[in-house]
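Student: Pasting the sequence and the predicted model now:
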Amino acid sequence: MWKLRDIVLAVIFSVVCGAVYMGWDWLSTLTTSLAPWVQGLMNGVWWIASILVAYIVRRPGAALLAGFASAVFEWAFGSPWGVNVLISGLLQGGGTELGLLLFGWKRYGTGVLMLAGAIGGVGNTVQWLTQYGGASYSFGNIVGYTVATLLSGAILAGLLPKWIDDALFRTGSLRNFEIGKQKRAFDQ
């Protein structure tokens, strides 16, 4: 069951990530003339919030909620991609949620989080292919973009949030969240 502190944390992290995403949006517009795989390497940043929140609160729906909420804030802050970022938030957060669902929302190890981040990249790739013209590229470019996006999702959206959350945990600020309870139970 969600607690008020879980919801507050999800909203705060979503606001921060939404601001980061909006800045990343503008930076990514500079790479649109480069090979698609270059853009793919940057993509994982856009679903960091999903794992950042899900790893802490460890509740079904956390990745999807954070993915969509951060996209709402990204849009509100003035994303050049407009309301399309809301679709991105659903697809990327939904993909990440699916990755966590595969393990019944019970395992949050490095490999699981990296897999969830990579699956978030599937959502990103679907949107790129259908909405942003990715299907018009050659087969090699599509494969390159997809592989780069999955790797970016695994590292930037899976591994990086784990490192951030583990560092926050070491400060003691997360001890009352599910991450703290489960880490204490594991250590005993």
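Tutor: Here it is on my side, so go on. Numbers count the residues shown, from 1 in each chain.
Student: Got phi/psi on Y108?
Tutor: Dihedral pair for Y108: phi -130, psi 40, per degrees, to the nearest 10.
Student: So which residues make contact with stretch 107-120?
Tutor: Here stretch 107-120 makes contact (CB atoms under 8 Å, 6 or more residues apart in numbering) with 44, 47, 50-51, 54-55, 58, 63, 67, 92-93, 95-100, 102-103, 150-151, 153-159, 161-162, 179, 182. Every C-beta, even on glycine, is put in place using the N, C-alpha and C of the backbone.
Student: again, but for stretch 151-161
Tutor: Contacts for stretch 151-161 (CB under 8 Å, 6+ apart): 40-48, 50-52, 55, 92, 96, 110, 113-121, 124.
Student: now do stretch 4-15
Tutor: The contact list for stretch 4-15 (CB under 8 Å, 6+ apart) reads 49, 52-53, 56-57, 59, 62, 65-66, 69-70, 72-73, 176-178.
Student: Leaving out the residues flanking it, which one is nearest to I142?
Tutor: Take I142 and drop its neighbours on the chain: the residue closest to it by CB to CB, 6 or more residues apart in numbering is G134, 6.3 Å away.
Student: next one: L91
Tutor: Among residues not flanking L91 along the chain, G123 sits closest, at 3.2 Å (CB to CB, 6+ apart).
Student: again, but for V53
Tutor: Distance criterion CB to CB, 6+ apart; nearest residue to V53, sequence neighbours excluded, is A66 at 3.7 Å.
Student: element containing the one you found?
Tutor: Per DSSP states H and E, A66 falls inside helix 62-76.
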